[in-house]
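*Asks:* What follows is a predicted protein model with its sequence.
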Amino acid sequence: MSFPGEWIPEKAPFWLSREQRGFLEEIRVLARSELAPLQNEEAGVNRPLLAALGRSGLLARLFPESTWEGKEGARISAMALCLLREGLAMECGQAELLLALQGLGAYPILQSGTVDCIREWIPKVARGEAVAAFALSEPGSGSDPAALQLRAEEVPGGWRLFGEKWWISNAPEADVYTVFARTDPEAGAKGVSAFVVPGDSDGLTGEHTEMLAPHPIGRLFFDGVFVPKEKLLGEVNRGFRVAMRTLDLFRPSVGAFAVGIAQRALDIALAWAREREAFGKKIGSFQAIGAKLADMHTGTHAARLLVYAAASAFDGGVESNTANAASAKLFATENAQRVVDDAIQILGARALVHDHPLAHLYLDVRAPRIYEGTSEIQREILSRALQ
Ligand SMILES: Cc1cc2nc3c(=O)[nH]c(=O)nc-3n(C[C@H](O)[C@H](O)[C@H](O)COP(=O)(O)OP(=O)(O)OC[C@H]3O[C@@H](n4cnc5c(N)ncnc54)[C@H](O)[C@@H]3O)c2cc1C
C-alpha cells in the first residue's frame, strides 16, 4: 500500500488532481524537515514552531494574501484546508494543531470583521506572529452553546464582558480571541454576539488547564472587559452565524486531521508487520494481523472519501452540507481511534514506550471525538437530517 498514489479511484467525482497530490507531498516534506524537529512536550503555545509554520508558507495557504485586505468571500478552499491538515497530521501533530487553531480563531474575523479589524490581525496571524483562539465553550455550556452565559453589557461606545470561558485552545496565551457572548438574556441562540478581544485587554485573565495529551488550553475570566463597537463581528445577536460560518468550513477538516493520524498509524503498523518475526514467520502473515491491517486500511480509505466528499461539496456550494460534514467528522475521528489502537496491538510493547510515535498518536487521537461537536452531537445532526 502506498500513499498518496492509489487511494482515490480516478472516476470518483472528487479525486485528487496531480497538483493536489503534489501539494500534499510538499506539505509532508516541509513538515518532516522543518517543523517536526521543533515539536515539544510543553503545555503552552509552541511559538517557535508557529513562527516556522509562518516562514514555511503553510499558514499563508490558510490565509491567502487576498484575505489580508478583507476582500469579500476570500478564503482557503475546504479541499486545500483538508490537504493541509491531513499532510501535517501525518508528520507533525503539533504544527497541525497550531495551524487549525489559527484558522478557527481568526476566520471569524476574516469572514465577519471590519476591514480595519482584518488588516489589524490577519497578516500577523498568517505570519505566525500573533496567536488566535476561538472562545465559545464555557463551564456550563459545551455541546449546547446556545446556553452560554458570558454577559455583554452595552455601554457608551461598545460593550463590557463579564463571565468565564473554559476549554479554550491557546488560552490564556493567545494574542487575539474571538469571543461569543450573550447580548440578549432571553433569546437563546438568537441572543449571542461575537467580538474580537485582544489577549492583553484590561480585565481579562486566565489560567492553563493541563490535559492528558499536551495541548495548549485554558480558562478565561472576563471582569468588565471593554470591547469597542468596531470590534463586533457581524451583527448584534447574530453571533451564532459567525461561529457556524467558521465551523462549517472547519468541520470536514477535523476529519482530515483524523485521516492523517490513521494513515500514519497504519503506515507504522504495516512496516512492522512486514519486518517483525514470531514463530519463524513475519507477523503480517498471520491471519489475525492481516485482517486487522485490512480493516485499518478500509476504514481509513472510507474516512478519506467521506472527508474529501464533504470538502468538495462545500467548495461546490452544496447548500446543505451539514450532514456530509457530520458524517465525515464522525466516521473519521472514530476510525482513527480504532486504527491507532490496532496499530499499537500490532507493535506490542514497544508502541507504549514513552516517546514512541504511536504513544503520541494514542493521546492525540482522543480529543477530536469531543471538540467541534462530540460524536453524539454529530449523530444527532445526522439523525435530524435524515428524518
Ligand atoms: C482538546 C480540546 C480542545 C478544545 N478547544 C476548544 C476551543 O478552542 N474553543 C471552544 O470554544 N471549545 C473548545 N473545546 C470544548 C469542546 O468544544 C467541548 O468540550 C465540546 O463541545 C463538548 O462539550 P462538553 O465537554 O462540555 O461536554 P457536554 O456538552 O457536557 O457533553 C457531555 C456528554 O453528553 C453528550 N451529549 C450532550 N448533549 C447531547 C445530545 N443532545 N445528545 C446526545 N448526547 C449528548 C456529549 O456527547 C458528551 O458525551 C475543546 C475541547 C477539547 C477536549
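*Replies:* Done, it's in.
*Asks:* Give me the neighbour count for the closest residue to Gly93 other than its chain neighbours.
*Replies:* Closest residue in space to Gly93, ignoring its immediate chain neighbours: Asp364 at 5.1 Å, by C-beta to C-beta, 6 or more residues apart in numbering. Using the backbone N, CA and C atoms, a C-beta is placed for each residue, glycine as well. Neighbourhood size, Asp364 [other C-beta atoms under 10 Å]: 23.
*Asks:* got it, and Arg245?
*Replies:* Neighbours of Arg245 (other C-beta under 10 Å): 18.
*Asks:* Show the contacting residues for the residue nearest to Gly93.
*Replies:* Contacts for Asp364 (C-beta atoms under 8 Å, 6 or more residues apart in numbering) come out as Gly93, Ala213, Ile261.
*Asks:* Surely the first one is in contact with Pro357?
*Replies:* No. Because the distance of 9.3 Å does not satisfy C-beta atoms under 8 Å, Gly93 is recorded as not touching Pro357.
*Asks:* Report the closest residue of the stretch 101-250 of the chain relative to the ligand.
*Replies:* Closest contact between the stretch 101-250 of the chain and the ligand, by C-beta to the nearest ligand atom, is at Gly142 (2.0 Å).
*Asks:* Could you spell out the sheet neighbours of the one helix or strand Leu220 maps to, each with its direction?
*Replies:* Take DSSP states H and E as the rule and Leu220 turns out to sit in strand 217-228. Looking at strand 217-228 with DSSP bridges, its partner strands are strand 158-169 (antiparallel), strand 204-208 (antiparallel).
*Asks:* Which secondary structure state is assigned to the residue nearest to Arg264 when sequence neighbours are not counted?
*Replies:* Sequence neighbours aside, Met90 is the residue nearest to Arg264 in space, at 4.8 Å (criterion: C-beta to C-beta, 6+ apart). Look at Met90: counting by DSSP: H, G, I helix; E, B strand; the rest coil, its state is helix.
*Asks:* ditto for the one 5 residues further on
*Replies:* Of the three states, Ala95 takes helix according to three-state DSSP.
*Asks:* if you skip the residues just before and after it, what's nearest to it?
*Replies:* Leu35 (4.3 Å).
*Asks:* before we move on, the earlier item: and the strand holding Leu220, what's buried?
*Replies:* Ile217, Gly218, Arg219, Leu220, Phe221, Phe222, Val225, Phe226, Val227 (16 or more other C-beta atoms under 10 Å).
*Asks:* which other residues reach that strand?
*Replies:* By C-beta under 8 Å, 6+ apart, strand 217-228 touches 135, 150, 152, 155, 157-173, 177, 179, 195-197, 201-209, 211.
*Asks:* ok, of those, which come out buried?
*Replies:* Buried residues within the contacts of strand 217-228, counting neighbours by 16+ other C-beta under 10 Å: 135, 150, 152, 158-163, 165-172, 177, 179, 195-197, 201, 204, 206, 209, 211.
*Asks:* Quick check: buried residues in stretch 306-324?
*Replies:* 306-315, 321-324.
*Asks:* Among those, which one lies nearest to the ligand?
*Replies:* Among these, and counting by C-beta to the nearest ligand atom, the member closest to the ligand is Thr322, at 15.3 Å.
*Asks:* Would you confirm that the closest one contacts Asp248?
*Replies:* Yes. Look at Thr322 against Asp248 with C-beta under 8 Å: they come within range, at 7.4 Å.
*Asks:* those strands in the stretch 251-387 of the chain, which residues are they?
*Replies:* With DSSP state E, counting those that start in this stretch as the criterion, the stretch 251-387 of the chain has strands at 277-278, 281-282.
*Asks:* what do you get for the stretch 51-200 of the chain?
*Replies:* Under DSSP E, counting those that start in this stretch, the stretch 51-200 of the chain gives strands at 132-135, 151-155, 158-169, 176-182, 192-198.
*Asks:* quick one: is the longest one near the ligand?
*Replies:* Put plainly, it is strand 158-169. Yes. Counting by C-beta under 6 Å from any ligand atom, contacts between strand 158-169 and the ligand involve Trp167, Ile168, Ser169.
*Asks:* about what we covered before: got a list of what the residue of the stretch 101-250 of the chain closest to the ligand touches?
*Replies:* So Gly142 contacts Trp167 (C-beta under 8 Å, 6+ apart).
*Asks:* Could you check the pLDDT of it?
*Replies:* pLDDT for Gly142: 97.
*Asks:* Can you pull the phi/psi pair for it?
*Replies:* With angles defined as degrees, to the nearest 10, Gly142 sits at phi -120, psi -80.
*Asks:* circling back: format the contacts of Asp364 as JSON lines; extra columns: neighbour count, pLDDT and distance to the ligand.
*Replies:* Below are the contacts of Asp364 laid out as JSON lines (neighbours: other C-beta atoms under 10 Å; pLDDT from 0 to 100; distance: C-beta to the nearest ligand atom, whole Å):
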{"residue": "Gly93", "neighbour count": "25", "pLDDT": "93", "distance to the ligand": "12"}
{"residue": "Ala213", "neighbour count": "15", "pLDDT": "86", "distance to the ligand": "8"}
{"residue": "Ile261", "neighbour count": "29", "pLDDT": "97", "distance to the ligand": "14"}
